[in-house]
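> here is a sequence with its predicted model. Questions after.
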Amino acid sequence: MYYLKLFSFSFFMFALLNQNGCNKKEKSVTENKQEETHGIDKGKFWITSLNEKDVSKEKLYMVFDPETNRISGYSGCNTFSCTYTLNDDNTISIGMAMASKMYCENNDALEREFFKALSNIKTATFSNTEITLKSDNKKEVFKGQKAKD
């Protein structure tokens with residue numbers, strides 16, 4: 001009985017100490033990822049301009065997550081998610097977007113334009129309050145304002 005209690009206590013202490021060690025390691029991995037993202041903070045950006053047209057009333061948004069290198073958001077009818085890679089020279093590669101499949105007759109054209117524009121993004125400029133995404137010919141594709149927390 002004594003050995004069973006000793007084993008149980010030892011196992012509990014090992015698990016407790018190992019859990020704290022894992023948390024510290026995970027934190028440092030997260031910190032390194034944030035450094036690699038060139039200052040992109042995790043956050044939601046309300047899209048105010050799509051192909052240089054005002055779309056602020058449409059409630060479009062993108063959420064950038066540098067820890068997972070994912071963008072998610074709302075494209076006018078459906079929610080979407082995709083991966084991204086940001087390079088040192090502010091070029092950005094955006095992966096194939098996955099989206100829910102609701103049909104919205106009134107916003108179908110807007111959503112098609114949104115996804116076409118998303119696939120044309122080549123450069124990204126971020127600040128504390130604003131995002132600008134441009135195509136390869138330097139045309140402004142998306143402009144957005146950081147959401148207030």
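Sure, I can see it. Numbers count the residues shown, from 1 in each chain.
> quick one: the strands in the chain?
Along the chain, the stretches classed as strands by DSSP state E are 43-50, 53-54, 61-65, 70-74, 79-86, 92-94, 98-99, 121-126, 130-135, 140-146.
> which residue is nearest the centroid of the protein?
residue 64 (2.4 Å; C-alpha atoms, centre = their mean).
> ok, it - contacts?
By C-beta atoms under 8 Å, 6 or more residues apart in numbering, the contact set of residue 64 is 40, 41, 42, 43, 45, 70, 71, 84, 131. To be clear about C-beta, it is placed using only N, CA and C from the backbone, and glycine gets the same treatment.
> taking the residues you listed, please make a ChimeraX selection of just the buried ones.
Filtering the contacts of residue 64 down to the buried ones (16 or more other C-beta atoms under 10 Å) takes a single ChimeraX command:
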select :40,43,45,71,84,131
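> biggest separation within the contacts of residue 64, which pair?
70 and 131 (15.2 Å; C-beta to C-beta).
> so residue 53 bridges to which residues?
residue 50 (DSSP bridges).
> find the residue closest to residue 95 in space, skipping its chain neighbours.
In space, not counting the residues next to it along the chain, residue 95 is nearest to residue 83; the distance is 3.8 Å by C-beta to C-beta, 6 or more residues apart in numbering.
> any figure for the gap between that neighbour and residue 65?
10 Å (C-beta to C-beta, to the nearest Å).
> who touches both of the two?
residue 71.
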